[in-house]
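> sequence? don't have it. structure:
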């Protein structure tokens, strides 16, 4: 986990680089960052892929903010959290609200050159192939070719690349 609950740190201004493909198929995944301890640094997937990412929605409890990253949040429009060059494949990401293949919830952030080809399933709204919920987000050169769905009656915010957005800029992205 990229937070330290003893100091309430969100690891601001730290930079992480993925240096190889990662297979998570033998593990249940706990998303990086929560609404209380969000990720606000920079993550560069290096063009490598992460496969076998599996989160479990469950029938009870709050399973919001699911994806590789659960919740990312920059400090302002000039100090954004950055996710780039991330590939999610052969994965099954489940949650309640704010569920995305790469990021569940993003605020004051940029996501670039990233994609999802796995399954993304939500029990509620704000479900997207790359990002579930976006507020003040820029998404560039991203795509989704995986299945995206929700079973909730209020599933009005479900989308191929982004499920729900407020103040969103999308450039050169697609969904199939």
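Yep, that arrived. Because the structure is a prediction, the values reported are computed rather than measured.
> Compute the distance between residue 52 and residue 96, please.
To residue 96, residue 52 is 22 Å away according to CB to CB, to the nearest Å. For glycine as for every other residue, the C-beta is placed from the backbone atoms N, C-alpha and C.
> who has more neighbours, the two?
residue 96 (22 against 17; other CB atoms under 10 Å).
> Compute the distance between that one and residue 168, please.
Taking CB to CB, one finds residue 96 at 22 Å from residue 168.
> what pairs with the spatially most central residue of the chain across the strands?
By CA atoms, centre = their mean, the chain has its centre lying nearest to residue 103, at 0.7 Å. Beta bridges link residue 103 to residue 69, residue 131, judged by DSSP bridges.
> got a pLDDT number for it?
You'll see residue 103 listed with a pLDDT of 98.
> wait, doesn't it sit right on residue 68?
Yes: between residue 103 and residue 68 there is a contact under CB atoms under 8 Å: 7.1 Å.
> Run through this protein and note the low-pLDDT ranges.
Scanning the chain for pLDDT under 70 picks out the ranges 1-12, 57-62, 153-155.
> switch to 80 and redo it
Applying pLDDT under 80 to the chain flags residues 1-13, 56-62, 76-78, 152-156.
> how about the helices in it?
Taking DSSP state H, the chain contains no helices at all.
> and residue 111, how many neighbours?
For residue 111, the count of nearby residues is 30 (other CB under 10 Å).
> which ones are touching the residue nearest to residue 83 when sequence neighbours are not counted?
Leaving aside its chain neighbours, residue 83 sits nearest to residue 111 (4.7 Å; criterion: CB to CB, 6 or more residues apart in numbering). Going by CB atoms under 8 Å, 6 or more residues apart in numbering, residue 111 touches 83-84, 102-103, 130-131, 137-140, 142.
> What of residue 73?
Here residue 73 is in contact with 10, 33, 38-40, 81, 106-109 (CB under 8 Å, 6+ apart).
> Report the separation between it and residue 151.
For residue 73 relative to residue 151 (CB to CB), the value is 28 Å.
> Tell me what the closest residue to residue 66 other than its chain neighbours is bridged to.
Excluding the flanking residues, the one nearest residue 66 by CB to CB, 6+ apart is residue 95, at 3.1 Å. Counting by DSSP bridges, residue 95 forms beta bridges with residue 122.
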